[in-house]
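Q: dropping the sequence and predicted coords here.
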Amino acid sequence: MATLLMVEGWLRSTGLCLPPLIRERGHRYVLFTQDPALYPAAHSGEPHPVIDRADEIVRVDTNDLDAVTAAALDLAERLPIDGVLTTCDYYLETAAVIAARLGLPGAPPEVMHRATRKHLVRSAISEAGLANPAFAVAACWESSLAAAATIGYPLVAKPVDLNAGTSVQRVDDEAGLKDAFWEITGVERNTRGQPLSRLLLLEELIEGPEFSVEAVTRGGETTVIGITDKSITGPPAFVESGHMFPARLTPAAAVTIEEFTRDALAAIGYTHGLSHTELRLTPDGPRIIEINPRQAGGYIFDLVRLVTGSHPLELLVDLSLGKAPQIGSERATATSAAVFFVMSPRPGTVIGVDGAAALDADADVVRWHLPTPATAGYPRSNDAYLGHVLAVDATGGAARERAEAAVGSLRLRFADGSTATPIGLPG
């Protein structure tokens, strides 16, 4: 049995699934958190798994690198620590620093610092000579105007250090640029209380279907597990409405995407860890949207497990323990798998979901989660999900259509008596 140090965790998706997996593997973990109340109980009253499955909880200011590192060194004096991990983007660099101080496996801290800042990733890709959209970083309104004039509208505006697609948006003109500038630079801290850079990243808008590459890197060697097909909604934002694994691609296109992803990871110096690289396949070839130096969220890890037999969260645990990841070590149960997210077309309180009970009778639906009551709003980021439906195709590549059909059969029922079809469905 190994003892892991978990530095905070994600609230949903991977944060819900990793704690029981650690226990099922026969390991235990100590949780470092600034506040256990960050992890809310389920509607049923069941404690959040991050809290419930922890062998020990240590309260420490996880946003203070010196304090959390000192706490880790103190912990290691009384309890052998075998690995350090996190499922939360905002603590990836912290986990890397702690692992390095304890002499445990992990990404070099300076690499994780670069990989978690979008503008530094863009610069590294350009410096490596890889194809890259035009981009600029702005700290003031005047430099934003000048950068937009150089790049040209339409363009994409992003914060450099937020996640889940927060505040990422298409900008078509100066008025939209002003809105994006103040939205992005006006926020001082992220949802975990960490100070933000308050920089605006402007990028050339790139067109083409969107994919993500799920990979694992150890000792500088990157193995691609597979490519995910992604669907986007919520303009002018870029909200992920669904994923299917594996993506429908020609063998030649898949090879091109995989090779470009390996080159991009090498460009940022990535030598250890899981990665979830988002890109678009343009007429001129692949172009990186973002590199995420972690496992995929949005239940993509479940899709990968169903189709390949490899569980990315198990690979995360193995990597943290210095073990070679075993890809495809379990039997696959589907040829394709897809998740589609339930989002509301308008604000309001959703008190029920008509049609949800019928999902249990759908042989293609592996799992669905639609807790109510829920507060809904027009989606501006991936945090707008009210729930999800996960479906499979045991023998073919139609899992996406099956997940979409399942969500299309639902009606959101609001407290004011109205109903609505979830947003983001095709057609």
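A: Structure received. In this text, all values refer to a predicted model and were calculated from it rather than measured experimentally.
Q: what does the helix or strand encompassing Ala406 rub up against?
A: Ala406 is part of helix 399-408 when elements are defined by DSSP states H and E. Residues outside helix 399-408 that contact it (C-beta atoms under 8 Å, 6 or more residues apart in numbering): 229, 231, 242, 244, 334-342, 359, 362, 364-365, 368, 389-393, 421-422, 425-426. For glycine as for every other residue, the C-beta is placed from the backbone atoms N, C-alpha and C.
Q: relative to the longest strand anywhere in the chain, what are the paired strands and their orientations?
A: In the chain, taking DSSP state E as the definition, the longest strand is strand 221-233. Taking DSSP bridges as the criterion, strand 221-233 sits next to strand 210-218 (antiparallel), strand 239-245 (antiparallel) in its sheet.
Q: output the helix holding Ala406 as PDB, nothing but the C-alphas.
A: C-alpha atoms of helix 399-408 as PDB (Å, rounded to 0.1, in the frame of the first residue of the first chain):
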ATOM      1  CA  ALA A 399     -21.700   6.900 -29.500                       C
ATOM      2  CA  ARG A 400     -21.900  10.700 -30.100                       C
ATOM      3  CA  GLU A 401     -25.300  10.400 -31.900                       C
ATOM      4  CA  ARG A 402     -26.600   8.200 -29.100                       C
ATOM      5  CA  ALA A 403     -25.500  10.600 -26.300                       C
ATOM      6  CA  GLU A 404     -27.000  13.500 -28.200                       C
ATOM      7  CA  ALA A 405     -30.200  11.700 -28.800                       C
ATOM      8  CA  ALA A 406     -30.500  10.900 -25.100                       C
ATOM      9  CA  VAL A 407     -30.000  14.600 -24.100                       C
ATOM     10  CA  GLY A 408     -32.300  15.700 -26.900                       C
END
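Q: begin at 55 from here
A: Will do, 55 is the new start, and the previous item becomes helix 453-462.
Q: now do it against strand 293-299, angle only.
A: 140 degrees (axes from the mean of the first three to the mean of the last three C-alpha atoms, to 10 degrees).
Q: how about low-confidence regions in the stretch 205-354 of the chain?
A: Counting by pLDDT under 70, the stretch 205-354 of the chain contains no low-confidence residues.
Q: what are the ranges of the strands in it?
A: Using DSSP state E, counting those that start in this stretch, the strands of the stretch 205-354 of the chain run over 209-213, 223-225, 254-258, 264-272, 275-287, 293-299, 327-336, 339-346.
Q: what's the most buried one of these?
A: A comparison of the strands of the stretch 205-354 of the chain by mean neighbour count, using mean count of other C-beta atoms under 10 Å, puts strand 293-299 on top with a mean of 26.
Q: tell me the angle that one makes with strand 327-336.
A: Using the same axes, to 10 degrees: strand 293-299 against strand 327-336 is 100 degrees.
Q: for the stretch 305-454 of the chain, which segments count as helices?
A: 305-321, 354-362, 366-374, 453-462 (DSSP state H, counting those that start in this stretch).
Q: mind checking which of the ones you listed is nearest Gly409?
A: Each of the helices of the stretch 305-454 of the chain has some distance to Gly409 by C-beta to C-beta; the shortest is helix 453-462, at 8.8 Å.
Q: is it possible to get CSV of the helices of the stretch 305-454 of the chain that adds distance to Val151 and mean neighbour count?
A: Shown next, in CSV, are the helices of the stretch 305-454 of the chain (distance: least, C-beta to C-beta, whole Å; neighbours: other C-beta atoms under 10 Å):
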stretch, distance to Val151, mean neighbour count
helix 305-321, 21, 18
helix 354-362, 25, 24
helix 366-374, 14, 23
helix 453-462, 39, 23
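Q: and these: which comes nearest Ala188?
A: Each of those has some distance to Ala188 by C-beta to C-beta; the shortest is helix 305-321, at 16.7 Å.
Q: got the angle for the closest one vs strand 327-336?
A: Going by the same axes, to 10 degrees, helix 305-321 makes 130 degrees with strand 327-336.
Q: report the angle between helix 305-321 and strand 339-346.
A: Here helix 305-321 runs at 50 degrees with respect to strand 339-346, directions being taken by the same axes, to 10 degrees.
Q: which other helices and strands does helix 305-321 contact?
A: On a contact count with 3 or more C-beta pairs under 8 Å, 6 or more residues apart in numbering; DSSP states H and E, helix 305-321 meets helix 172-181, strand 264-272, strand 275-287, strand 327-336, strand 339-346.
Q: right, and the ones you listed - which one's nearest Asp226?
A: The closest of these to Asp226 is strand 275-287. By C-beta to C-beta, the value is 16.7 Å.
Q: take the strands of the stretch 205-354 of the chain and lay them out in a markdown table including distance to Glu131.
A: Shown next, in a markdown table, are those (distance: least, C-beta to C-beta, whole Å):
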| stretch | distance to Glu131 |
| --- | --- |
| strand 209-213 | 39 |
| strand 223-225 | 48 |
| strand 254-258 | 42 |
| strand 264-272 | 29 |
| strand 275-287 | 34 |
| strand 293-299 | 43 |
| strand 327-336 | 27 |
| strand 339-346 | 34 |
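Q: just the pLDDT at Ser383, thanks.
A: pLDDT for Ser383: 65.
Q: please consider this matter closed, and thank you.
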